[in-house]
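Student: predicted model follows, preceded by the sequence.
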Amino acid sequence: MPEVELDEVQEEAKKDVISTGHGEIDKKLGGGIPIGSLTLVEGQSDAGKSVLCQQMIWGSLKDDFKVVLFTTENTVKSLVTQMDSLGLSITDYLLLGRIKIYTMRPSLVRSNAAVALQSILNTIEDLQDFDLPIMDSITQIAAGATGGECLAYFERCKTLCDRGKTIINVAHTYAFEQDLLVRIRSVCDAHFKLAIERVGDRLVKTLEVAKVRGATQTTGNILSFDVEPEIGMKIMPLSRAKV
Ligand SMILES: Nc1ncnc2c1ncn2[C@@H]1O[C@H](COP(=O)(O)OP(=O)(O)OP(=O)(O)O)[C@@H](O)[C@H]1O
Ligand SMILES: [Mg+2]
């Protein structure tokens with residue numbers, strides 16, 4: 001009797017990068033953030049740090065990753081509404097328990113900074129099957145913590161990344177003294193700098209890809225973008241932005 005060859009049915013492999021769900025932006029980020037990276041998203045107020053994270057949250061959930069967000073900036077309701085406004089609905093994922101959101105009161109975490117840092121790390125460790133922890137933002141905690149405590153937090157994050165987590169920390173540029181920022185940057189595998197620049201009589205948001213260790217493609221260095229209702233981040237050609 002002829003032998004019948006059976007194909008092994010395999011689950012579709014998970015991606016090995018965190019994507020924004022937006023091909024053009026991923027390309028500029030060198031293909032996406034490699035799994036196991038520690039990322040710093042740094043920039044001035046209103047530059048688009050949270051929107052960039054929201055794109056990554058949405059892209060990751062679509063790719064079957066589980067996300068945990070620590071936020072000092074939103075309630076669950078305001079986050080859902082904000083993401084809805086960008087066409088990035090997370091309601092279904094929330095109901096399915098694929099994203100957990102921890103809201104942190106700025107005044108509380110500032111006056112109990114060391115405890116707050118520790119409880120973030122403990123939560124990340126406890127939620128073993130949650131791949132992508134995001135802290136938006138670390139600024140308030142940093143204001144109440146010593147430089148040593150901040151650096152130790154990033155080092156602990158790095159250890160968790162070595163064990164497979166992909167962690168994103170968001171900070172306002174003024175959150176850290178210059179030399180502390182340099183030391184934190186060197187612990188991180190990826191570093192994105194966001195800013196608002198004046199081009200002629202227009203204000204343009206820019207995203208500088210300062211580094212992505214282990215990127216699969218060449219990183220795009222700098223891109224300019226706008227945030228649009230129903231669309232989210234929209235890349236603008238730099239040449240057109242400069243007109
Ligand atoms: N649905 C939307 N439609 C249009 N613009 C939006 C929408 N949602 C957000 N924006 C704009 O995107 C910009 C970036 O906002 P974002 O909250 O990401 O900045 P941020 O860098 O996190 O600021 P902060 O330092 O205050 O936390 C803001 O100018 C905001 O008004
Ligand atoms: Mg923000």
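Tutor: Yep, it's here. Ligands and ions are numbered 1, 2, ... in the order given.

Student: residue 216 versus the residue in the chain that ligand 2 sits nearest to, what's the distance?
Tutor: Relative to ligand 2, the nearest point of the chain is residue 50 (3.2 Å; CB to the ion). Yep, even glycine has a C-beta here, placed from its N, CA and C like the rest. Note on residue 50: its distance to residue 216, by CB to CB, to the nearest Å, is 26 Å.

Student: more neighbours: those two, which one.
Tutor: Per other CB atoms under 10 Å, whichever of residue 50 and residue 216 has more neighbours is residue 50, with 21 against 11.

Student: buried ones in the helix or strand harbouring the more buried one?
Tutor: Secondary structure assignment for residue 50, by DSSP states H and E: helix 49-62. Neighbour-count burial for helix 49-62 flags 49-61 (criterion: 16 or more other CB atoms under 10 Å).

Student: on that earlier part again, need the contact list for the closest residue to the residue of the chain closest to ligand 2 other than its chain neighbours.
Tutor: In space, and not counting its chain neighbours, residue 50 is closest to residue 136: 5.6 Å by CB to CB, 6 or more residues apart in numbering. By CB atoms under 8 Å, 6 or more residues apart in numbering, the contact set of residue 136 is 49, 50, 53, 69, 70, 71, 72, 73, 168, 170.

Student: ok, residue 153 next?
Tutor: Residue 153 neighbours (CB under 8 Å, 6+ apart): 117, 120, 121, 138, 145.

Student: return the member of those residues nearest to residue 24.
Tutor: Here the nearest of the contacts of residue 153 to residue 24, counting by CB to CB, is residue 138; it sits at 27.9 Å.
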